[in-house]
Each structure stands twice: as C-alpha cells, then as structure tokens.
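> Following is a predicted model, sequence given first.
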Amino acid sequence: MKKIFGKMDIWLLILMLIFSIFGLIMIFSASSVSTVLRYNVPQYHFFLRQAIFLISSFIAGFLIVIRFPTSKYKYLTPLAILAIIVALIGLLVYGKLTNNVRSWYDLGFFALQPSEFAKSIVIVFLAVSYSRLEKIKNVKIETYLIPAAIGGLVAILIALQPDFGTFAILSGIIFFVFISIPFVRKNFGKILKVCTIIGIIGVAFLMFSGKELLNSRQLQRFQFKEPCNRYTEDTGYQVCNGFIAIHNGGLFGVGLGNSSQKYLYLPESHTDFIFPIIVEELGALVGVLIIIGYVIMLYRIFRIAKQAENLRLSILAYGVFLYLLFHILVNLLGILALIPLTGVPLPFLSYGGSFTVNIVVMLFVVQRVNIENKTIKAKREMANLTN
C-alpha cells in the first residue's frame with residue numbers, strides 16, 4: 001500500500017479530502033432547517049447519509065479502485081454498459097416519478113439514480129473501446145463511431161426520462177472524448193458527415209418516440225434571464241433567492257449556520273443550490289476559494305491525462321476531467337442565471353448518494369491512471385538503462 005500511495009497524486013487526494021470535509025459541514029448547515037420543517041427527519045439526516053456515502057466511496061477507492069489494473073476493465077465494460085442500458089429502459093416504466101421526471105429507483109433506504117452511474121460507465125466504455133480499436137490496423141471510419149453511438153444511445157435514454165441536464169453533460173463528455181481520439185482528428189471531415197446523418201436519425205427517433213424531450217416545466221427553464229422579475233413564478237423564484245443569498249453574504253458572510261435563505265426560501269439548499277448558501281454564510285471570498293480549488297483539481301486531472309502512457313489511460317483521466325468540469329459549469333452558471341437551470345449537483349458540496357459515489361470512485365480511477373503512468377514510465381526508463 002505504501003508503494004501505491006507514493007505513486008498517487010497527493011495534491012489531488014488532499015483536495016478530495018478538503019472538499020469532502022467542507023462539503024459535509026455545509027450540507028449539515030444548509031439542510032439543518034429543511035430536515036425538520038420540510039422532511040420531518042432529524043437535523044443530522046442528510047449529514048449522516050452523505051458521510052456514509054463518502055466514507056464508503058473512499059474505502060472502495062483505497063481498497064479496490066487504485067489496486068485494480070485498468071487493463072482489466074475490458075472484462076467488465078460489456079456487462080456494465082448492457083446493465084446500464086437495461087436499467088435506463090426500466091426507469092421509463094418502473095422509475096420513481098419526481099417533478100415529472102423518472103430518474104430514480106426507490107429502494108427504500110436509498111434512491112438509485114442510474115444516469116449518474118451511466119456517466120462513469122460510458123467513460124470507461126469509451127476508454128476500453130478506443131484503446132482496443134487503436135491497436136487494430138486498417139479500421140474503417142464507421143467502426144470508430146460505434147462506441148460513440150452506444151454512448152449516444154445511453155444519452156438518449158436519459159433524455160427520455162426526461163433529464164436534460166444529465167443528457168447535456170453526458171453528450172458533452174462523449175463528444176469531446178470522441179474528437180480527442182487521434183484517428184478521429186485525422187479523419188474529422190469524413191466522420192463529421194456520418195455524425196450529421198446519425199444526428200438527424202437521433203432527432204427523428206426522439207420526435208416519433210412518443211416522449212417529450214422536455215416537458216412544460218423544463219421548457220419554462222429557458223426563461224432564465226432576470227429571474228427576480230419573475231419572483232412569484234417557478235422560473236424565477238429559486239434563482240432569485242439564490243441571488244438574495246449571495247447578496248446577503250457580501251465578502252465575509254453572515255456566519256456559519258446563520259443563512260436566512262435556507263429557511264425554505266431555497267427548497268434545494270443542500271443539493272443544487274448549496275453554493276449560494278455557502279456564499280451567504282461564509283462570504284464571496286470563500287466562494288472564490290472554492291472555484292480556485294476546483295480549478296486546481298481540474299488542472300491536476302488534466303495534467304495526468306496529458307502525461308498518460310496510452311490512449312486508455314488518457315481517455316479515463318480526460319473523461320473524468322470533463323465529468324467534473326461540466327458539473328461545475330452547469331451548476332454555477334445555472335444558479336447565476338447565465339444558462340437555463342437544469343438541476344445538477346456541485347461536486348463534493350451538494351448532497352447526493354449516486355453522484356457522490358460516482359465522483360469519488362472516478363477520481364480514484366484517475367489516481368489509478370497516475371499510478372500506472374508512473375509504473376510504465378519507470379519500467380521504460382529501467383529498460384533503457386539495461387540496453
């Protein structure tokens with residue numbers, strides 16, 4: 001374990017721990033009122049559940065993920081991608097209906113959200129698939145579209161729930177991973193033509209599937225500018241209260257636990273809208289520090305991706321970089337009314353079991369990539385010395 005620990009990215013690990021602890025504190029503070037007044041559960045309810053999710057994820061990360069070679073992912077991905085497709089299809093019939101969206105299986109003790117696991121599984125699937133194709137000579141252009149098309153099928157199933165935020169994030173991950181492949185960049189013109197045809201077919205499928213891509217509630221979210229002019233409407237109420245929270249906080253905040261907006265003005269104060277609560281209580285300076293922390297974390301991940309010794313390792317790290325980046329951008333830009341509000345969690349700070357487990361596990365996958373990078377590099381240097 002000591003040998004493995006020495007090859008991990010320590011700065012990334014430290015940031016994971018800092019964000020996890022800080023997130024737990026803020027989830028307790030942000031949910032301390034709603035637990036009693038809205039959910040009728042003890043004050044520590046969401047704090048304890050989030051702590052369990054985090055501890056379990058870190059244990060799995062240290063004991064399993066960083067020890068498991070990425071070369072063996074190829075044995076797991078076919079079953080995993082099939083399982084997630086079946087799970088997403090099943091949601092359309094058996095999923096729990098919340099706000100006109102079927103995104104969860106209600107397991108009683110835990111609400112399972114397959115779309116969160118879909119992002120992680122698709123990243124691993126793309127890494128394994130394109131790594132295998134790279135090793136095969138004389139591959140046709142259309143062959144490189146198959147993994148992306150399968151990922152696209154997963155994204156379409158998520159759109160049918162409908163969950164536009166997750167659909168957009170997963171589509172972004174698939175697109176940017178796809179265009180990062182060396183073979184794709186060399187044949188971009190030809191592939192673009194095929195992608196256009198596939199895109200038209202996909203749109204046609206959605207139009208004739210009998211399902212709305214966006215329901216009326218979600219269409220209203222495109223009215224996102226000047227939310228305080230629509231304070232009494234659903235399209236402005238939450239975002240405007242987020243603005244009020246940020247304004248109340250000023251530079252230094254009103255003090256930990258002293259937020260006024262968490263008194264049910266922000267119904268999602270411990271999930272999607274936790275950032276305004278943080279700024280209200282701790283100030284804009286802490287908000288800026290959080291963003292700086294995210295930038296450093298993203299830089300460490302991107303650096304590992306750039307140093308990758310093979311395509312599989314590169315896509316794994318780059319995919320997680322996109323996963324984290326899109327969640328941060330979609331959440332923060334949404335609550336600042338710069339894009340439509342889609343309701344996605346903020347990494348480490350928002351409460352959420354499925355998302356927390358996935359983001360922690362995938363960051364440990366990045367750590368495994370870093371370990372393999374260093375191991376391969378050391379073996380290569382040793383071979384050069386002996387020759």
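Structure's in. What do you need?
> show me the contacts for the residue nearest to residue 228 when sequence neighbours are not counted.
Nearest non-adjacent residue to residue 228, counting by CB to CB, 6 or more residues apart in numbering: residue 240, 4.1 Å away. To be clear about C-beta, it is placed using only N, CA and C from the backbone, and glycine gets the same treatment. Shown in contact with residue 240 (CB atoms under 8 Å, 6 or more residues apart in numbering): 227, 228, 230, 231.
> nearest to residue 303, of those residues?
Using CB to CB, residue 227 comes nearest to residue 303 of the contacts of residue 240, at 37.3 Å.
> how many neighbours does the closest one have?
Using other CB atoms under 10 Å, residue 227 is surrounded by 22 other residues.
> Look up how far residue 279 lies from the residue nearest to residue 228.
15 Å (CB to CB, to the nearest Å).
> just residue 115 next, same as before
Distance, residue 115 to residue 279, by CB to CB: 28 Å.
> Could you check which helix or strand contains the residue nearest to the spatial centre of the chain?
Centroid check for the chain by CA atoms, centre = their mean gives residue 323 as the closest residue, at 4.5 Å. Assigned by DSSP states H and E, residue 323 belongs to helix 311-335.
> give me every residue that touches the nearest residue to residue 81 once chain neighbours are set aside.
Leaving aside its sequence neighbours, residue 81 sits nearest to residue 125 (CB to CB, 6+ apart; 4.9 Å). By CB under 8 Å, 6+ apart, the contact list for residue 125 reads 77, 80, 81, 147, 150, 151.
> By neighbours, which of these wins?
Of those, residue 151 is surrounded by the most neighbours, 26 neighbours in total, counting by other CB under 10 Å.
> That one and residue 126 touch, don't they?
Yes: here residue 151 reaches residue 126: they are 6.2 Å apart, a contact under CB atoms under 8 Å.
> Residues that sit against both of these two, list them.
By CB under 8 Å, 6+ apart, residue 151 and residue 126 have these common neighbours: residue 174.
> Okay, now the unreliable bits of the stretch 101-250 of the chain?
Counting by pLDDT under 70, the stretch 101-250 of the chain contains low-confidence ranges at 108-109, 138, 198, 202, 206-207, 209-223.
> Which parts of it are strands?
101-106, 111-112 (DSSP state E, counting those that start in this stretch).
> can you pull the buried residues of stretch 247-262?
For stretch 247-262, the neighbour count (16 or more other CB atoms under 10 Å) marks 248, 249, 253, 254, 259, 261, 262 as buried.
> Now, the residues you listed that are in helices?
Using DSSP state H, 248, 249 are the members of the buried residues of stretch 247-262 that sit in helices.
> Reformat the buried residues of stretch 247-262 as TSV; add distance to residue 32.
As requested, the buried residues of stretch 247-262 are exported to TSV (distance: CB to CB, whole Å):
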residue	distance to residue 32
248	17
249	17
253	16
254	15
259	9
261	13
262	7
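> Determine which two of the contacts of residue 125 are furthest apart.
Greatest spatial distance among these (CB to CB): 80 and 147, at 13.4 Å.
> Mind exporting the C-alpha coordinates of stretch 196-205 to CSV?
Provided in CSV are the C-alpha atoms of stretch 196-205 (Å, rounded to 0.1, in the frame of the first residue of the first chain):
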residue,chain,number,x,y,z
THR,A,196,-24.6,14.5,-39.2
ILE,A,197,-26.6,11.7,-40.6
ILE,A,198,-26.7,9.9,-37.2
GLY,A,199,-27.7,13.1,-35.5
ILE,A,200,-30.7,13.5,-37.9
ILE,A,201,-31.7,9.9,-37.2
GLY,A,202,-31.4,10.5,-33.4
VAL,A,203,-33.6,13.6,-33.6
ALA,A,204,-36.2,11.8,-35.7
PHE,A,205,-36.2,9.0,-33.2
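> got the contact list for it?
Outside stretch 196-205, the residues within contact range by CB under 8 Å, 6+ apart are 145, 149, 152, 156.
> A ChimeraX selection for these, restricted to the buried ones, would help me check which they are.
Entered in ChimeraX, the line below selects the buried ones among the contacts of stretch 196-205, by 16+ other CB under 10 Å:
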select :145,149,152,156
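> which one of the contacts of stretch 196-205 is nearest residue 291?
Nearest to residue 291 among the contacts of stretch 196-205: residue 152, at 31.4 Å, using CB to CB.
> Can you give me the buried ones in the helix ranked longest in the chain?
The residue-count maximum for a helix in the chain (DSSP H) belongs to helix 353-386. For helix 353-386, a neighbour-count test (16+ other CB under 10 Å) marks 353-374 as buried.
> same question, stretch 70-80
By neighbour count with 16+ other CB under 10 Å, stretch 70-80 contains the buried residues 70, 73, 74, 77, 80.
> burial count for residue 24?
Neighbours of residue 24 under the rule other CB under 10 Å: 19.
> quick check: mean pLDDT across the helix or strand where it lies?
Taking DSSP H and E as the definition, residue 24 sits inside helix 10-31. Averaging pLDDT along helix 10-31 gives 96.
> packing partners for it?
Under the contact definition 3 or more CB pairs under 8 Å, 6 or more residues apart in numbering; DSSP states H and E, helix 10-31 sits against helix 45-63, helix 274-282, helix 284-306, helix 353-386.
> From the rest of the structure, what touches it?
Helix 10-31 is contacted by residues 43-47, 50-51, 54, 58, 256-257, 259, 262, 269-270, 274, 277-278, 281, 293, 296-297, 300-301, 304, 347-351, 360, 363, 366-367, 370 when judged by CB under 8 Å, 6+ apart.
> how about it: buried residues?
For helix 10-31, the neighbour count (16+ other CB under 10 Å) marks 12-13, 15-16, 19-20, 22-24, 26-31 as buried.
> Kindly report the same for stretch 287-301.
By 16+ other CB under 10 Å, the buried positions in stretch 287-301 come out as 287, 290, 294, 297, 298, 300, 301.
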